[in-house]
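# Generate a structure from the sequence data that follows.
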Amino acid sequence: MESTVSTLPQSDGVACFTRLYLAVTTGVQERLAGLVFADPRFLAQLDVVFAGLFFYALESATGNRSQMPRAWAPLVEARSARGIAPLQFALAGMSAHINRDLPVALVATCVEFGIELEEGSPQHADYVQMNRVLAEVEAKVKSQYLSGWLNRVDRLVHRIHRIDDVVAMWNVARARDAAWVSGEALWALRHQRALSARYLVTLDRTVGLTARGLLVPADTWLQRLARALRRA
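Prediction:
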């Protein structure tokens, strides 16, 4: 992730998401001390498989676009667009990664370990505990995206700001809860390959639609003026 960020322009949409992903990952690592998990091997492998799906999407975005999951298409297509806040890019990436990739990673990890993907299991308890850690870290990281003098002035001039709507649309704990349910559905369908593939295609497209909603330009006239002054 550090390598990805270092090679991309700061305003690039994929870079905005990767910075958030890296910050959340680092923040979670700092909070793991003292926490006890029933099956830490499961969580560790899930994290590896999960991250691998992001790197696969990133590679396909710069190579064979036809192989890129459709959930990632809105972020990749809009990555250079003006008027979209860094937080919007970051949340669109989080949506694609959690709502689409996480169910796939859950099934793959359970298959590898030979365990059932089911609510109430030790693995599910660990997963829910991680939800709480992630929610705390993500809230702190998101606040950093909403700081700065321009943002403070903008909020004085525009009491209702579309970026507030974007933030309200996204909750990492709820997204991970939904991802677990989607994972259970894929698990139940794992022996019905055709139906499982159709389900994943539908999930992929639905998540992509959500991402497009998160990426509707949210800048105001003050932000457009500041951008024009910087260009001048």
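# From A173, how far out is the closest residue to P69 other than its chain neighbours?
Spatial nearest neighbour of P69, excluding adjacent residues (C-beta to C-beta, 6 or more residues apart in numbering): D204 at 5.4 Å. For the C-beta atoms, the positions are set from N, CA and C on the backbone; glycine is no exception. D204 sits 22 Å away from A173 when distances are taken as C-beta to C-beta, to the nearest Å.
# so what pLDDT did R224 get?
On the pLDDT scale, R224 is placed at 59.
# Enumerate every residue touching R176.
For R176, the residues meeting the contact criterion (C-beta atoms under 8 Å, 6 or more residues apart in numbering) are I98, L102, Y127, M130, N131, L134.
# picking up where we left off before, what residues sit buried inside the one helix or strand the residue nearest to P69 maps to?
Secondary-structure assignment from DSSP states H and E places D204 in helix 193-214. Within helix 193-214, the residues that qualify as buried by neighbour count (16 or more other C-beta atoms under 10 Å) are S196, Y199, L200, L203, D204, V207, G208, T210, A211, L214.
# elements contacting it?
helix 73-78, helix 86-95, helix 162-169, helix 172-188 (3 or more C-beta pairs under 8 Å, 6 or more residues apart in numbering; DSSP states H and E).
# how far is it from where the chain is centred?
If you compare the mean C-alpha spot of helix 193-214 with that of the full chain, they lie 15 Å apart, counting by C-alpha atoms, centre = their mean, to the nearest Å.
# neighbouring contacts of that helix?
Applying C-beta under 8 Å, 6+ apart, the external contacts of helix 193-214 come out as 69-75, 88, 91-92, 95-96, 99-100, 103-104, 166, 169-170, 182, 185-186, 189-190.
# any idea of the angle the strand or helix carrying V111 forms with helix 172-188?
V111 is located in helix 102-113, with elements delineated by DSSP H and E. Orientation of helix 102-113 against helix 172-188 (axes from the mean of the first three to the mean of the last three C-alpha atoms, to 10 degrees) gives an angle of 50 degrees.
# Direction-wise, compare helix 102-113 with helix 193-214 and give the angle.
When the same axes, to 10 degrees is applied, the directions of helix 102-113 and helix 193-214 differ by 140 degrees.
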